[in-house]
Structures are given as structure tokens and as C-alpha cells.
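>>> Need coordinates for the following:
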Amino acid sequence: MNKSRITATNIFVIGAFILLVCRYGYLQLANYSQFLQQSINNYSSTVSTLPTRGTFIDRNGLSLTNNIISYAIGILPKDYKNSEDIFSTLEKYVTLSALDKKKFNNLLHNSKNYDLVIIKDDLSDKEVATLTAHNYEFPEVSIFARTKRYYPFDELYSHSIGYVSRISNSDLGKIGKNGNNLNYLRNDYVGKNGLEEYYESTLRGTIGKKIIQTDATGNEIGLISNTHAIDGATISLTLDNGLQKLANQLLGTNQGAIVAIDPHNGGILAFVSKPGYNPNWFIDGINTDDWSDLRDDPRKPLLNRASQSSFPPGSTFKPFMGLTALYLGYIKPYTEIYDPGYFSIPGSTHRFRDLLKLSGFGNINMARAIAVSSDTYFFRLAYELGIDNIDKGISLFGLGKKTGIDIPNENSGLLPSKEWKERRFAKDKYQKNWLPADSVTVGIGQGFNHYTPLQMAYATSIIANDGIAIKPHFLNKILNKDGSIKANYTIESHTLPIPKSDFEFMKKAMQMVITQGTGKGIGYGLKYTLAGKSGTAQVVSSVKGGRQQKFAGKRYKDHAWFIAFAPVDKPKIVIAVFVENGGFGSAASAPIVRKMMDYYILGANVTESASFKKNITTPDASETSNDADNSSIEEPSDDTEN
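Down below sits the predicted model:
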């Protein structure tokens, strides 16, 4: 019995010893790296060093964003004891607002021991000198310099470049999905919108890590390793600062947007949305008063009207309608119809009237219909095409879908269809069905369809390029710190299945708009060829008894559009101007186009290029002119027919 007990005891001891050896081996071999890291962590701390954020420059190398030196005071969480004591001491020498204190406490709560937490930023030279002289009273507080984003042009690029601001938990969540959350600190900055957001990974750079050895009380006693931060890249944009400033100036106090494109490569030359806002307000958190002013402003300065808002295009839609009809073979460019000043759907007595020419234009072909902007011509054309065919042709120009530009939150606009209306009015048995009248109003750029100024500029560039569609973009190239090229933008393009001859015809028709049509007012004294199309989009429909009396006030005024490109044979620039509630396109938007064209093509000073100004008239005088005649674009001979 004793022998059995001894044997059992020996087996237990040997078994326990084997288990201990196995466990020891497992810890030493399988989990060596993990426990080594834990061991290091017990006597070390990580100090992060931030990279310098990359900047934006325009196509000529002008800096559009800067990283400036800003003086601040801050504290390491390991040295923090009581915020009220720190605040009361510091407030003897510097003013701390309630917002400063709130931001500090929020950042402190989410920071690690060696992440310096800012108490107050943007100190003046006098404040720095005073705090330095009394630093012995608060030795745990550091006075230091750091780089900080600055937008030198204030609101000029607020809707294109956007801004950076303090990183939030939701930002960290998004970044974490891409596996980049370790490249940010809790008190860091991140691109919040615009190009700052879109190119965040390129601008950010890579955070540096310095691992220091600490004693039992957390004080630094040595250096274990040091990985230097890698600064972000510089991004060269296609924007032209001079043209951007001019576009912003020409819009004045109006609400609206201007988009200019280089048709050769799709590069955005100007991208203005007004009103804008000062992005510098957001960098360290906007104060309550400024935020309330922006949020409650009825002009909506935070709204990007260039790419995030869509509007009825008015008569700027007609060239695309004409090309759709030519492409689908519904009409030939030299075919005449009779325009009595109205159109009626067969079987109906209702008249869709051309309000600018009640007596009509008589016999008219497509070229003249574009030039004088005949509604009747396009009422009839849209009715004969029907919405299915309209969708088939118009969609080729990218209208009703996102262009894919390199900026967040682009609006797709709306190219209506039978299916869309059925969904939109599913609860209304009458409204959900597509009616012939719906097609008629769509044909002149009214009704349900609406597009962004960016989309209209892009679509116009396709006409300028004889059917080659080049994706619009801001990026020109990415530069290394030494100025060498890291990457060039790769152009993305495709060709529309519309004959080049149709585009050549439409370009001539749009040139007639300037020489003898609704845009004649801006054609005087031109030193280059210009093609364009005016558009006046109704905000409210006409009502019997007086539209003006029922809908008084600027917010009910028509929207003013103008699209254009120049020179006609070899276009260098495409422009779309939208003036919200601006009235007639030929009076409000066309002059802006002319001045921008003069500046870009001739290099002329805007004040010197206004000799045409006295010739600008309202559509009552110019858009109803009969100066254009059908012979301006001749009928081709039989052997050149499509």
C-alpha cells in the first residue's frame, strides 16, 4: 500500500514537472515577442512625433495652404494634477476662455502619458514672453512652438480645399477601418472635408515613435529606439489662383457657383461657390457665436453649390437635347419646323408658350433654335423623342450621375425617368405615371431635371472636345519634399458614340449664340472665337394673373446660367456660371463668362476687358432678336449626309 502511494506520488510529481517545463517552453518560445513587449512597456513609454502636413499649391506653384509656427502651452498627462490649480495660475498671465478649458479637458481624457495636451494655442509674442518669465510657478507646463494649418485666402477655397480640424472619435473609427488609426494621436488634426479630406492619406505623412526608458516614477532615464516622422507630400492642383480670385470677385455678393475646366485634360481651373466661409475658424474648434452665424445664415454658406447642389439647367440643356435628337436620328440639323410661339400636345388644347417670343420665330432649324433659344422648337422635339430616348441620349453626357471628381459628397443631380417618377410619387396614382407634358418641360431644362454647375461644365467640355469625355479632377501631381515628382495624375477618358460631325454642327450653333443670338451682348470686341448658351431657369412656374405679384422677392427670381468654351476650334477653357436667383442668364451670367475668358485667353485685366458692357441687354431685347437666319449653317450636299 505504501509502495503504491509512493509510486502515485512520484507520477504526480513527474507529471507536474513535465507540465511546468511545457508551460515554461510555451512562454519562452511561442509567446516570446508578446511578453518581451509587455516587459519593455513596464519600464518604457512611447513619445510620438508628428509629421508636418503636406500643403496644396496651384498650377503655377503658388501656396494655397500654409503650415505656420504657432506658440502654445501644454502639459503631459503624467504631470497633470488638478486643472483648476493650473488654470488659476496661468490666468494671472494669459486669458483662458471656457472653450479653451473644455477642449483641454476633452483632450486630456483621451491622451496618453507622453502626449502633450494643449491648454491654449496661438499665443502672442507678449504672452510667450510673460509666461516664459514666470514658468517657475508652473514647471509642469511646457511653452512650445508647433506647426499649424493656415488658409491664407480665407473663404476663397473653402468649398474646394476644405479644412482640417481636431480629430474626433468618429474620425478615428473611419480611419481605423483602413488600418491607419495608429498613425494619429487623440489630439491630432485630420482633413474634415474637401480636398483636405479626400487626400488625407497623402497629406498626412507618417507619425514618428520614440521609445524612452523610464524609472519607477515614470521619469525618462534613457532612449530605447527612435523612428523619425515622415512628412506629408505636397499636392499640386490644376486650379489657377488668378482665375479663381477673378471668378470669386465677379460673383460679388450673389449666391451661386462657377466651374472652369481645361478641356484638354479635365483639370479644374476655377471652382467657386458663394457664399463661402473662413476655414481657419474650424481648425481648433469653431466658437459658438461663429457656428450659429454660419448655421443660421439663410444664404447657406456651408453649402457647396458647385458640386453638392443641383438646379434646373434652363435653356443650357438645349444643346444636349439637340445632340440627342441628332444621334438618335429623329431630326437633321437643317430640317425646319414652324414655330408659332407655342406648342400643343396632339389632342390637347393647352399651349406651352415661348414667353420671350409670343409671336414665334416662324420657320426655324436647330441652329437658329439654339441661337435664339426657341422653346417651341424644343417643346416639340422633346415630345417627339419621349423621356426614354431623352434619357438614352442625355445620360451620355454624364448628366444625372456623379462625375467622379476627387472631392467628397458630390451630388448626382437628377435625370428623370418613368421609373424614377413611379418611385417618387408611388402614393399618388395620377402623379406616378409619366405624362407627355413631363417630357415637354424636360426638353427646355425645366420640370424634374436638375444638375450641378460641375456637371454642366463637364457636359459642355464634351461638346468642346468633339465627344471625348475627360473625367474632371483637381489633382495635377504629387511632389516629394525636395520638389521632385512622386506621381502625376493619370487622365481618364472615353469617347461618346455620337458622330464628330454632330458636335461640329453644335459648336457652330453655340457660336451663333454669341454672334447673333441670346449671347450677342458679350460678343462685341471679341479677339477670339467664343461659343456658349444662356439659360434662365424658373424657380416658380408662371401663374395666371401675374407671377410677379404672387411671388415677390429675390428668392423667387429665376436662376441665371451660362455655359461656354473658347476658342471654338481649339478650346482652352470651358466655363459654367450659375447665379442663384440672378434673373436672365444672358444678363447676369454671360458677362462673368466674357471677363473670365478675356483674362484666361488674353491675359487681360478684368477692368480693361469690359468694352462689351454697354452692349449687354436683357433677353427682352436680345433673346427675341430675329437677326439670326437659317442660312448661317448651310444644309450639306447629298454626298455629305449622315
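
>>> what are the ranges of the helices in the stretch 401-550 of the chain?
Along the stretch 401-550 of the chain, counting by DSSP state H, counting those that start in this stretch, helices occupy 418-424, 436-442, 453-464, 500-516, 547-550.

>>> where does W561 fall, phi/psi-wise?
Note on W561: its backbone torsions stand at phi -120, psi 150 [degrees, to the nearest 10].

>>> ok, the closest residue to it other than its chain neighbours to L328 distance?
In space, and not counting its chain neighbours, W561 is closest to G535: 3.4 Å by Cβ to Cβ, 6 or more residues apart in numbering. Heads up, the C-betas are built off the backbone N, CA and C, glycines and all. Noted for G535: a distance of 23 Å to L328, by Cβ to Cβ, to the nearest Å.

>>> related to what we said a few turns ago, Provide a list of residues in contact with the residue nearest to W561.
G535 is in contact with P313, G314, S315, T316, F317, G445, H559, A560, W561, F562, I563, G585, counting by Cβ atoms under 8 Å, 6 or more residues apart in numbering.

>>> The closest residue to the last one other than its chain neighbours: neighbouring residues, count only.
So that's G585. Closest residue in space to G585, ignoring its immediate chain neighbours: S534 at 3.8 Å, by Cβ to Cβ, 6+ apart. Using other Cβ atoms under 10 Å, S534 has 32 other residues around it.

>>> From the contacts of G535, which land in strands?
When DSSP state E defines the strands, the subset of the contacts of G535 inside them is H559, A560, W561, F562, I563.

>>> Which one of those residues is nearest to K174?
Lowest distance from K174 to these (Cβ to Cβ) belongs to H559, with 35.6 Å.

>>> which of the contacts of G535 lies closest to I394?
Out of these, the member with the shortest distance to I394 (by Cβ to Cβ) is F317, at 8.2 Å.

>>> That closest one touches N449, doesn't it?
Yes. Using Cβ atoms under 8 Å, F317 is in contact with N449, at 7.2 Å.

>>> Contacts only, for T288.
For T288, the contact set (Cβ under 8 Å, 6+ apart) comprises L99.

>>> swap that for E422, sorry
Residues in contact with E422, defined by Cβ under 8 Å, 6+ apart, are K432, N433, W434.

>>> that older thread, with pLDDT as new columns, can the contacts of G535 be given to me in TSV?
Shown next, in TSV, are the contacts of G535 (pLDDT from 0 to 100):
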residue	pLDDT
P313	96
G314	95
S315	95
T316	97
F317	97
G445	95
H559	87
A560	93
W561	96
F562	97
I563	98
G585	77
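
>>> how about CSV for these, with distance to L108 and neighbour count added?
As requested, the contacts of G535 are exported to CSV (distance: Cβ to Cβ, whole Å; neighbours: other Cβ atoms under 10 Å):
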residue, distance to L108, neighbour count
P313, 52, 30
G314, 55, 25
S315, 59, 30
T316, 55, 29
F317, 56, 29
G445, 56, 28
H559, 50, 24
A560, 52, 27
W561, 52, 32
F562, 54, 35
I563, 54, 33
G585, 56, 32
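
>>> Which pair of those residues spans the longest distance?
Spanning the widest gap among the contacts of G535 are F317 and A560, at 14.3 Å by Cβ to Cβ.

>>> mind listing the strands for the stretch 51-200 of the chain?
Assigned by DSSP state E, counting those that start in this stretch, the stretch 51-200 of the chain shows strands spanning 56-57, 66-75, 117-120, 141-150, 163-166, 189-193.

>>> do the stretch 251-400 of the chain as well
Under DSSP E, counting those that start in this stretch, the stretch 251-400 of the chain gives strands at 256-261, 268-274, 337-339, 342-343, 352-353, 362-364.

>>> For the third one, enumerate the helices and strands it packs against.
By that I understand strand 337-339. With contacts defined as 3 or more Cβ pairs under 8 Å, 6 or more residues apart in numbering; DSSP states H and E, strand 337-339 has these neighbours: strand 362-364, helix 375-394.

>>> residues of that strand that come out buried?
For strand 337-339, the neighbour count (16 or more other Cβ atoms under 10 Å) marks I337, D339 as buried.

>>> How about the second one?
Buried positions in strand 268-274, judged by neighbour count with 16+ other Cβ under 10 Å: I268, L269, A270, F271, V272, S273, K274.

>>> hmm, back to that, using CSV, please lay out the helices of the stretch 401-550 of the chain together with distance to H109 and mean pLDDT.
Listed next are the helices of the stretch 401-550 of the chain as CSV, based on distance: least, Cβ to Cβ, whole Å; pLDDT from 0 to 100:
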stretch, distance to H109, mean pLDDT
helix 418-424, 47, 95
helix 436-442, 56, 96
helix 453-464, 41, 98
helix 500-516, 61, 97
helix 547-550, 57, 48
